[in-house]
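Colleague: have a look; sequence and predicted model below, questions after that.
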Amino acid sequence: MPDPDPLPGLNEDEFRRLCEFVYRRTGMVFTEAKRYFVQRRVIDRMAATGAATFASYFARLRTDLDGEVEHFINAFTVNETYFYREEHQLQCLTTDLLRERTRRRSPSLPIRIWSVPCSTGEEPFSIALWLLENWPQVDAWDIEILGSDIDTRALEAAREGVYGKRALMRLPPAVIARYFEPLADGEWRLSEDIRGSVGFSPVNLVEAAQTRPHGRFDVIFCRNVLIYFDDASRRTAAENLYETLLPGGYICLGHTESMSRISPLFEVCRYADAIVYRRPLEDAHG
Ligand SMILES: C[S@@+](CC[C@H](N)C(=O)[O-])C[C@H]1O[C@@H](n2cnc3c(N)ncnc32)[C@H](O)[C@@H]1O
């Protein structure tokens, strides 16, 4: 019987070393079930760099020759996202979280929202669009929205703000008509105003030295990344995010993710539209 897998395989040791390399750099765990995914990406990177053997490619990776680590990590990320994903959390943002954050607070202080990871930008731009469309107080407050991801290629796409039909599938037609311009090739470009309303910067969630410099936030959206981590990297990411939340600040996770199983640092807040987690108003960290 011919081998059904057309890819030249990595041996056990090579596969293990690669997975360990990815884990140490990103927190993402790849098991045997993902062998094809891992192998495919390594072979693509070997072709792109002209490495003839795994050993020569791995040496290139370890010495980070020509910034290969960044290309390699970019190749390993799963960037699935779309506008208005889990809209109920956006509803909770305006109904509950911002109402709470703006109580007894001067509008001279900006409201800071962080989408991390933001992938190709649909999430932070959704927050901007949602606030414009659904939050009557939007003009009274200075709102800063930051999008971050480990994948620098995804961030470049986010800055471009050009999207296909699939990314827009959950947006009301009136919102598309108001904020997007159709391009000749069937794609859509976000208006300059909205593109300019979100900042982007690379961040690795498992590196405190990368999460800390961005200051503290009122609300963090950290959705659909912890599923790729193990318990240890989830805990590291949770602790890093905790440090970047203002006291009383909120964190929203993806619907399959739960902070209660990761870290005891946060309070659970059950609102009508979503369960979110909060840094207590007073804690040992101040
Ligand atoms: C499935 S997307 C989620 C995007 C968006 N939050 C959403 O829910 O639609 C997962 C993203 O996590 C990013 N990622 C993976 N490991 C990361 C890390 N250690 N730090 C920051 N981002 C990471 C990937 O690059 C990818 O863009």
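Modeller: Noted; the coordinates are in hand.
Colleague: okay, and for the stretch 1-150 of the chain, where does confidence drop off?
Modeller: 1-8 (pLDDT under 70).
Colleague: swap the cut-off to 90 and go again
Modeller: 1-10, 104-106 (pLDDT under 90).
Colleague: residue boundaries of the strands in it?
Modeller: 111-115, 143-149 (DSSP state E, counting those that start in this stretch).
Colleague: using PDB, list the CA coordinates for the first one.
Modeller: Spelled out, it's strand 111-115. Output in PDB follows, covering the C-alpha atoms of strand 111-115 (Å, rounded to 0.1, in the frame of the first residue of the first chain):
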ATOM      1  CA  ILE A 111     -11.900  54.400  28.400                       C
ATOM      2  CA  ARG A 112      -9.300  51.900  27.300                       C
ATOM      3  CA  ILE A 113     -10.300  48.600  25.600                       C
ATOM      4  CA  TRP A 114      -7.800  45.900  24.500                       C
ATOM      5  CA  SER A 115      -8.600  43.200  21.900                       C
END
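Colleague: what packs against that strand?
Modeller: Under the contact criterion of 3 or more CB pairs under 8 Å, 6 or more residues apart in numbering; DSSP states H and E, strand 111-115 touches helix 98-102, helix 122-134, strand 143-149, strand 217-222. Every C-beta, even on glycine, is put in place using the N, C-alpha and C of the backbone.
Colleague: please redo it, this time with the cut-off set to 10 Å
Modeller: Helices and strands touching strand 111-115, by 3 or more CB pairs under 10 Å, 6 or more residues apart in numbering; DSSP states H and E, are helix 98-102, helix 122-134, strand 143-149, strand 198-202, strand 217-222, strand 245-253.
Colleague: that strand pairs with which strands, parallel or anti?
Modeller: strand 143-149 (parallel), strand 217-222 (parallel) (DSSP bridges).
Colleague: and the strands of the stretch 1-150 of the chain: which comes nearest the ligand?
Modeller: With CB to the nearest ligand atom as the criterion, the ligand lies closest to strand 143-149 of the strands of the stretch 1-150 of the chain, at 4.8 Å.
Colleague: thanks a lot, catch you later.
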